[in-house]
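In: generate coordinates for the sequence data below:
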Amino acid sequence: MHPRLSFHGAAGGVTGSCFRLETAQSCVLIDCGMFQGSKSEKELNYRAFPFRPADIDAVLLTHAHIDHSGLLPKLVKDGFTGPIITTQASIDLCAIMLRDSGHIQELEVEQLNRRNARRGRNHRLEPIYTAEDARSCLVQFRPVAYREWTSVAAGVRARFWNAGHLLGSASIEVEVESDSRPLRILFSGDVGPAHALLERSPEAPYDFDYILCEATYGDRDRIDATPEYRRTCLSQEVKAAHLRGGALVIPSFAVERTQELLVDLFTLMDSGDVAPVPIYIDSPLATQATKAFERHAGELQNSQEFLKALRSKQVRFTETTEQSKALDSVNGFHVIIAASGMCEAGRIRHRLRNWLWREEATVLFVGFQAQGTLGRILQEGAKRVRIQGDDIEVKAQIRSLDFYSGHADGPELVTWLGERRPVHNGLFLVHGEWQALEAMRQALQGILRPGQIIIPQLDDAYELTPGGARRPKILQPQRIASHDIGRPDWHNDLAKLVLDIGDAIDQAADEKARAILIRNLRRALNGGGKTA
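Out: Coordinates of the predicted model:
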């Protein structure tokens, strides 16, 4: 049989990275990530895998971010017993991040069950996995060094290359035995940008039969931001926020983005470019991840600047819940960096609930915000949002800086792919919203033949033949329609409708106008008939 590649995540969307490679002798997963974004996408995390976990021989993990690693505890819980092969730094980060993910799920499910009980809904939900499940899966991790071949499963070997995206991140070169010569496949993982503060430039070999390449920023051409220019832009944002007087709240991914911001903020304050103020790292995960970065400082660029910033008296870590809650009472201008980066969970939601309604506050986004997330909704100009059941008017300044993303932009990805040539049979574009995927397809027309470029959808499968990729005759059904991936769903529409109704009632001229509006709404709910 020809090897078969199935796309069970990050296909037609950004999150949930999971690719299944089946050969005549074995079955290997590359990544097993959690879906983020709209509720329709996140519900996929609760469903059964579209394969039997017990049939998987091994997992190759590109890096520790939750959208690439987040369902590994569930995979193990559901029957996977093989090795999870990745770099030592990724293992150290997963030990922190997966336990944190399990803990957050336990807390959120507990809160939801309490709310449902108050509403008379007695069906209890269970977390996807617990912190204990996450701890249990860690025994199956196996470390591998960069640039060294390792046997993965029968007839499959792999080699890891530094992807420059995150501490321990990798592009993974895979060879599958065949009758003539090995089939060579490259899984890009997330490719880092130029001028990353802590990570080295991405690297990988060339001459492949097939490549899977991410396209998160495939439709963007960012300014070629040197460290000096990036800090200049950050300085302007900090100074403007200081003039407004309220807190500068930065939603940030706990791993890598937080550490980069910490270095740049400290550097600006240490040089006197901005006034020294407290910098609160309001994330237990970021606190633990920073310690992992400290242990692996020898693998980082600019490690001395990182260590110096870490020891600054301006930097304060809030570890306990009580310390976090106390931030709501801090007076004077200060900076709060809190996870999660897309505002989907964690302490950032508490900080936003406290600051979004205040005109003096500033919220600064520094990373990618997927469709359907609270971060994207705020970034696109929402006037009101719902957080933990509360309706909140958005009066804070909403700002964005695009220089802290861990992803290469479109031109950088085209350059990276050009250096991987020749690509003999096919390029799969993954890990991007449809605009980014289409932009990448167009940008690559001069580098690859049009027929070589494939944009798979969720749960698509392709046979990797010597003559090119082809769809099998029997297709696996999609778990969710393509048009529901990477886009706001009805849950987002409902939340906006509830807020709009509240606004309309509040703005009605008088009690009579409010009564007419409510009566019309009831009539619409009853299909246009008379109200009771």
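In: measure Val255 to Val263 for me?
Out: 14 Å (C-beta to C-beta, to the nearest Å). Glycine gets a C-beta too; all of them are placed from N, C-alpha and C.
In: ignore what I typed, I meant Gly245.
Out: 26 Å.
In: distance of Leu521 from Asp500?
Out: 11 Å.
In: which one of Gly245 and Val263 is surrounded by more residues?
Out: Higher neighbour count among Gly245 and Val263: Val263, with 21 against 13, using other C-beta atoms under 10 Å.
In: tell me which residues of whichever strand or helix holds that one are tucked away?
Out: Taking DSSP states H and E as the criterion, Val263 maps to helix 257-271. Neighbour-count burial for helix 257-271, counted by 16 or more other C-beta atoms under 10 Å, picks out 257-269.
In: repeat that for stretch 350-366.
Out: 350-352, 354-357, 361-366.
In: between all of those, which two are at the greatest distance?
Out: Spatial extent of the buried residues of stretch 350-366 (C-beta to C-beta) is set by the pair Trp357 and Val366 at 22.0 Å.
In: one step back: following element in sequence after the helix holding Val263, please.
Out: Using DSSP H and E, the next helix or strand after helix 257-271 towards the C-terminus is strand 279-282.
In: need the contact partners of that following strand.
Out: The contact list for strand 279-282 (C-beta atoms under 8 Å, 6 or more residues apart in numbering) reads 258, 262, 265-266, 287, 290, 312, 314-318, 324, 327, 330, 334-338, 347-348, 351.
In: mind doing that once more with 7 Å?
Out: Under the criterion C-beta atoms under 7 Å, 6 or more residues apart in numbering, residues 258, 262, 265, 287, 314-318, 324, 327, 334-338, 347, 351 lie in contact with strand 279-282.
In: quick one, helices of the stretch 201-350 of the chain?
Out: Taking DSSP state H, counting those that start in this stretch as the criterion, the stretch 201-350 of the chain carries its helices at 227-244, 257-271, 284-295, 303-310, 321-326, 348-355.
In: turn those helices into CSV, columns for mean pLDDT and distance to Lys39.
Out: As requested, those are arranged in CSV below (pLDDT from 0 to 100; distance: least, C-beta to C-beta, whole Å):
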stretch, mean pLDDT, distance to Lys39
helix 227-244, 94, 32
helix 257-271, 93, 25
helix 284-295, 90, 23
helix 303-310, 91, 37
helix 321-326, 92, 26
helix 348-355, 94, 15
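In: would you turn those helices into JSON lines with distance to Glu43?
Out: Output for those, formatted as JSON lines (distance: least, C-beta to C-beta, whole Å):
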{"stretch": "helix 227-244", "distance to Glu43": "36"}
{"stretch": "helix 257-271", "distance to Glu43": "27"}
{"stretch": "helix 284-295", "distance to Glu43": "24"}
{"stretch": "helix 303-310", "distance to Glu43": "38"}
{"stretch": "helix 321-326", "distance to Glu43": "28"}
{"stretch": "helix 348-355", "distance to Glu43": "20"}
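In: so which of the ones you listed comes closest to Asp460?
Out: Closest among these, once you apply C-beta to C-beta, is helix 257-271, at 31.1 Å.
In: what helices and strands are in contact with that closest one?
Out: helix 227-244, strand 279-282, helix 284-295, helix 303-310, strand 335-338 (3 or more C-beta pairs under 7 Å, 6 or more residues apart in numbering; DSSP states H and E).
In: gap between Val255 and Lys42?
Out: Using C-beta to C-beta, we find Val255 at a distance of 20 Å from Lys42.
In: neighbour count winner among the two?
Out: More crowded of Val255 and Lys42, by other C-beta under 10 Å: Val255, with 28 against 20.
In: once you drop chain neighbours, what's closest to the more buried one?
Out: Ala289 (4.5 Å; C-beta to C-beta, 6 or more residues apart in numbering).
In: picking up where we left off before, so which of the buried residues of stretch 350-366 comes closest to Leu29?
Out: Closest to Leu29, out of all of these and judged by C-beta to C-beta, is Val366, at 30.8 Å.
In: got a list of what the closest one touches?
Out: By C-beta under 7 Å, 6+ apart, the contact set of Val366 is Ile250, Ser252, Arg257, Leu261, Leu401, Tyr404.
In: got the contact list for the first one?
Out: With contact taken as C-beta under 7 Å, 6+ apart, Ile250 is in contact with Leu261, Val335, Ile336, Ile337, Leu364, Val366.
In: hmm, which two among those residues are most spread apart?
Out: Longest span within those, C-beta to C-beta: Ile336 and Val366, 13.0 Å.
In: whichever of the contacts of strand 279-282 end up buried, select them in PyMOL.
Out: Buried members of those, defined by 16+ other C-beta under 10 Å, are picked up in PyMOL with:
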select buried, resi 258+262+265+287+314+315+317+318+324+327+334+335+336+337+338+347+351
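In: hang on, the earlier thing: a markdown table for the contacts of Val366, including distance to Leu112?
Out: Below are those laid out as a markdown table (distance: C-beta to C-beta, whole Å):
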| residue | distance to Leu112 |
| --- | --- |
| Ile250 | 27 |
| Ser252 | 25 |
| Arg257 | 28 |
| Leu261 | 31 |
| Leu401 | 33 |
| Tyr404 | 32 |
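In: quick one: the helices in the stretch 1-150 of the chain?
Out: Using DSSP H, counting those that start in this stretch, helices in the stretch 1-150 of the chain cover 39-42, 66-69, 72-77, 88-118, 131-137.
In: could you check how far the first one is from the centre of its chain?
Out: Its chain's C-alpha centre lies 14 Å from the corresponding centre of helix 39-42 when counted by C-alpha atoms, centre = their mean, to the nearest Å.
In: and Met440, how many neighbours?
Out: Neighbours of Met440 (other C-beta under 10 Å): 25.
In: and the closest residue to it other than its chain neighbours, backbone torsions?
Out: Distance criterion C-beta to C-beta, 6+ apart; nearest residue to Met440, sequence neighbours excluded, is Gly218 at 3.5 Å. When read as degrees, to the nearest 10, the backbone of Gly218 gives phi -60, psi -20.
In: distance of Ala509 from Gly502?
Out: 16 Å.
In: picking up where we left off before, quick one: contacts of the helix holding Val263?
Out: So helix 257-271 is in contact with 197-198, 230-231, 234-235, 238, 250, 252, 274, 276, 279, 281, 286, 290, 293, 302, 305-306, 309, 312, 314-315, 335, 337, 341, 366-367, 404, 406, going by C-beta under 7 Å, 6+ apart.
In: neighbours around Val144, how many?
Out: Residues near Val144, counting by other C-beta under 10 Å: 23.
In: next up, the contacts around it.
Out: With C-beta under 7 Å, 6+ apart, Val144 has these contacts: Ile85, Thr86, Thr87, Thr150, Phe160.
In: now, those residues that are in strands?
Out: Members of the contacts of Val144 lying in strands (criterion: DSSP state E): Ile85, Thr86, Thr150, Phe160.
In: need the max-distance pair from these.
Out: So for the ones in strands among the contacts of Val144, where distance means C-beta to C-beta, the most widely separated pair is Thr86 and Thr150, at 10.5 Å.
In: which of the two has more residues huddled nearby?
Out: Neighbours per residue (other C-beta under 10 Å) separate Thr86 from Thr150, with Thr86 holding more: 28 against 16.
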